[in-house]
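# Prediction below, plus the sequence it came from.
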Amino acid sequence: MKPSNGRAHSPWTPTIGVSGDRENARARRVLLVASSLAGAKPIMQRLREEGWDVVRYRTVREGLRALDPNTAGQAPFDVVLWDQTRGLPADGPARCRALTATSLLPLLVLCSPHHTASDRVSLLNAGADGVVRTPPAAWPEVFAELRVLTRRRPELEQAPLDVEDWIGVGPLRLSVARREVRVDGAALSLTLREFDLLHYLALNQGRAVTRAMALDAVWGVDAPVSPATVDVYVGYLRRKLAPAGPRLAIHTVRGVGYTLRVHPVSRAGY
């Protein structure tokens, strides 16, 4: 599917940012999902004025195709921006979940003042890495979020496999360079935030991690999210780590936070 971005675009043409991004070989690349061209135009213009390279897709389905690693001739993206300023559809959280389940790319959602707190929470619970109110008033916040999300993302180039890169915690193996998680050798599909939180817990195996510590390490010091967000993501991780059985568990440390622990299980237990 050819992207509808309003101009001729060569995905492999190097571009240089104009706002503090000149040191990069190319501008940070945004995949914009926006159903309305009229609504997308000012967003695309503002992003390009700040040195971001942006390609627009009309639907989540088209965006998912663009995120497919098998898409020929497609340069990599750094972040996904989803325009929901014209209203969140009833299946909005499901579409959001589809975007985050398909790729480790961070997802930022643009909403309107008419979105309720419940709407924003549902998007965060569905895997969105951030939800920002309608531009233009919020553009400084939008760009701050984009900078944080792309700064925290690892380099796009695949690092060579290095045994020392893998962190081992019981049946769990985690590679930061490859953004891969395996349990007993089987790959585990995690979103960007889930991966970062599990990585932080693994680095602090056996030690209590407070919610504040997790927020600072995974979401950033100034992230507009509450400590309850950590609880939500711990719940996601617990469900996904279920195949490890009783050998690996995220325990609640009452009044403090969480800790990742390994529990040896005798063969007779299987």
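Now that the structure is in, tell me what you want to look at.
# For the rest of this, base every contact and every neighbour count on C-alpha atoms.
OK.
# Buried ones in stretch 60-71, by neighbour count?
Along stretch 60-71, these residues count as buried under the neighbour rule (16 or more other C-alpha atoms under 10 Å): 60, 63-64, 66-67.
# With distance to Leu198 added, can I get those in JSON lines?
Rendered in JSON lines, the data for the buried residues of stretch 60-71 read as follows (distance: C-alpha to C-alpha, whole Å):
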{"residue": "Val60", "distance to Leu198": "27"}
{"residue": "Gly63", "distance to Leu198": "27"}
{"residue": "Leu64", "distance to Leu198": "25"}
{"residue": "Ala66", "distance to Leu198": "27"}
{"residue": "Leu67", "distance to Leu198": "24"}
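# Which of those residues sits closest to Ala101?
Leu64 (10.1 Å; C-alpha to C-alpha).
# returning to what we had before: and the buried residues of stretch 60-71, which is closest to Thr116?
Of all those, Thr116 sits closest to Val60, with 22.0 Å by C-alpha to C-alpha.
# Just to check, the closest one is in contact with Val33?
Yes. Val60 is within contact range of Val33, at 6.4 Å (criterion: C-alpha atoms under 8 Å).
# Could you report the neighbour count for His118?
To be clear, residue 118 is Ser; His isn't right here. 9 (other C-alpha atoms under 10 Å).
# C-terminal to the helix or strand where it lies, which secondary structure element comes first?
According to DSSP states H and E, Ser118 maps onto helix 117-125. Toward the C-terminus, helix 117-125 is succeeded by strand 130-132 as the next helix or strand (DSSP H and E).
# contacting residues around that next one?
107-111, 120, 123-124, 138, 141-142, 145 (C-alpha atoms under 8 Å, 6 or more residues apart in numbering).
# one more time with 6 Å
With C-alpha atoms under 6 Å, 6 or more residues apart in numbering as the test, strand 130-132 has contacts from 108-111.
# Same list as before, those that is, but in a markdown table and with distance to Leu203 included.
Formatted as a markdown table, the contacts of strand 130-132 follow (distance: C-alpha to C-alpha, whole Å):
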| residue | distance to Leu203 |
| --- | --- |
| Leu108 | 27 |
| Val109 | 30 |
| Leu110 | 33 |
| Cys111 | 35 |
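# hang on, the earlier thing: average model confidence for the helix holding Ser118?
Mean per-residue pLDDT for helix 117-125: 83.
# secondary structure class for Tyr258?
With DSSP: H, G, I helix; E, B strand; the rest coil as the basis, Tyr258 sits in strand.
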